[in-house]
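Undergrad: output the structure for:
(one chain, ligands or ions: 1)
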Amino acid sequence: MKKIAILGSTGSIGQQALNVIRAHNARFRVVGLAGGKNLKLLEKQIKEFQPEMFYSSVKPDFAYKGEFLSMEEIASHPEIDLVIIATSGKAGLSPTLAALKVGKTVALANKEVLVMAGELITREASFHQTQILPVDSEHSAIWQCLRGEESNPRRVFLTASGGPFYHYSQPQLSKVTVEQALHHPTWKMGKKVTIDSATLVNKGLEAIEAHWLFALPLDSIEILIHPQSIVHSIVEFVDGSIKAQLSFPDMRLPIQYALCYPERLPSPELPHLELSKIQCLNFEPADQNRFPCLKLAMGAGRQGGTYPAVLCAADEVAVELFLNRRISFIDIAKIVQETLEQHKSIAQPSLEEILAADAWAREYARRSLPCHCEEHKRQSTLSIGK
Ligand code: MG
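TA: Presented below is the predicted three-dimensional model:
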């Protein structure tokens, strides 16, 4: 029995990981659960899975016999074989480091961890000879394509559905509502990731993540728009041979692959692909000019240092402002760009320097709000009109 801890169990990936565990309950035992503010759901999960330890970011309003520990303590606990980092943003950073330092296998779903601190995290993982298993569908696809190969790939193609607005014009993009942006055409995900998919910043973050996970030069990673979300990523080798991983778009598959690795288990609950029914699979290069967030992310990845951490922080603030209807969809890119431009990066940053850059970027992005705030714009137009 593999003993599992899930950090971020009440989020979208956390809940789907529990679905996988429920379907294979003879193989896995949940020994730790950590949730955020959704205490009702956390309590329900705890009652069902009876973990030895738990955590919540707010004081729990229920009684439970298990031990209340920090996420770092859970991630590095001797009882645990594998920890799923399914938190979002920077919350996963220090628990991941804690787990790697004591040799725990980490199944990583929190992409910001490698984007913000890829150098630090991969150094720790190789020093302690621990494995980071990807959970993101694209990285799981690349991993599956690379398994058994001895030579490095020539190119890697990260596929992107393009989100709901890929063929929108600039004026159309400026009028996008929160509801439209939250309606992803192919994937069911949390709010932050859904908006990041609509701006395509997500693919930039994934390219940086792939760069660290598989030691690939960023310039060998290309983004392909593939609206059907059937091919999850593609690897090309030096001889021109191409391998791709295809499946129905459902996060339970990459989660299960990481949990069962190096085995494969049946997944009777998941729909299987009927290849004969798929009429076509389309691919086109991603237009970075129409989706500036993607361009900014690739640029931050190339520049390295603390730029990727600043990118993540500014994007998180901007997405939150958009979800709270304070800024428009196209303002997300403006806030991220302005914050990156004002940042003075540090090369080979320590954890403290990364966290300081993160805090600076959050503060800067929030302060830049008045220039982008819809209400402010309306008021200034009114006063100009007077
Ligand atoms: Mg993905």
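
Undergrad: check contacts around the closest residue to the ion within the stretch 201-350 of the chain.
TA: Nearest residue of the stretch 201-350 of the chain to the ion: Glu206, at 5.6 Å (C-beta to the ion). (Glycine included, C-beta is placed from N, CA and C.) By C-beta atoms under 8 Å, 6 or more residues apart in numbering, the residues touching Glu206 are 111, 136, 138-139, 158.

Undergrad: most neighbours among those, please name it.
TA: Within these, neighbour counts (other C-beta atoms under 10 Å) peak at Asp136, which reaches 29 neighbours.

Undergrad: if we can go back for a sec, pLDDT value on the residue of the stretch 201-350 of the chain closest to the ion, please?
TA: pLDDT, Glu206: 97.

Undergrad: tally of neighbours for Ile13?
TA: 27.

Undergrad: find the nearest non-adjacent residue to it, please.
TA: Closest residue to Ile13 apart from its sequence neighbours, by C-beta to C-beta, 6 or more residues apart in numbering: Ala86 at 4.0 Å.

Undergrad: pretty sure the residue of the stretch 201-350 of the chain closest to the ion sits in a helix.
TA: Yes. According to DSSP: H, G, I helix; E, B strand; the rest coil, the state of Glu206 is that of a helix.

Undergrad: which residues touch the residue nearest the centre of the chain?
TA: By C-alpha atoms, centre = their mean, the chain has its centre lying nearest to Lys111, at 3.6 Å. Residues near Lys111 by C-beta under 8 Å, 6+ apart: 136, 205-206, 209.

Undergrad: please identify which pair of these lies farthest apart.
TA: Taking C-beta to C-beta, the two most distant members of the contacts of Lys111 are Asp136 and Leu205; they sit 9.4 Å apart.

Undergrad: rewinding a little: okay, the residue nearest to the centre of the chain and the ion: tell me how far apart.
TA: From Lys111 across to the ion, the span is 8 Å (C-beta to the ion, to the nearest Å).

Undergrad: please report how far that residue lies from Leu205.
TA: 5 Å (C-beta to C-beta, to the nearest Å).

Undergrad: and Ser267, what element?
TA: Assigning secondary structure by DSSP states H and E places Ser267 outside every helix and strand.

Undergrad: so it touches Gln256, yeah?
TA: Yes. If you go by C-beta atoms under 8 Å, Ser267 and Gln256 touch, sitting 5.9 Å apart.

Undergrad: who's more crowded, the two?
TA: A count of neighbours by other C-beta under 10 Å puts Gln256 above the other of Ser267 and Gln256, at 26 against 19.

Undergrad: contacts only, for that one.
TA: 20, 24, 265, 267 are the contacts of Gln256 under C-beta under 8 Å, 6+ apart.

Undergrad: and for Leu369?
TA: 321, 326-327, 335.

Undergrad: Ala318 versus that one, what's the distance?
TA: Distance from Leu369 to Ala318, by C-beta to C-beta: 9 Å.

Undergrad: what's the answer for Ile221, then?
TA: 24 Å.

Undergrad: same question, Thr339
TA: Counting by C-beta to C-beta - Thr339 and Ala318 are separated by 8 Å.

Undergrad: the more surrounded of these two?
TA: Taking neighbours as other C-beta under 10 Å, Thr339 and Ala318 compare with Ala318 leading, 30 against 26.

Undergrad: domain parsing for the chain?
TA: 2-134, 137-170+196-251+272-302, 304-386 (automatic domain parsing).

Undergrad: distance to Ala181 for those domains - can I get that in a markdown table?
TA: As requested, the domains of the chain are exported to a markdown table (distance: least, C-beta to C-beta, whole Å):
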| stretch | distance to Ala181 |
| --- | --- |
| domain 2-134 | 16 |
| domain 137-170+196-251+272-302 | 5 |
| domain 304-386 | 6 |
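
Undergrad: quick one: contacts of the one helix or strand Phe54 maps to?
TA: In the assignment (DSSP H and E), Phe54 maps to strand 53-56. For strand 53-56, contacts defined as C-beta under 8 Å, 6+ apart pick out 5, 7, 31-37, 39, 42, 46, 60, 64, 66-71, 73-74, 77, 79.
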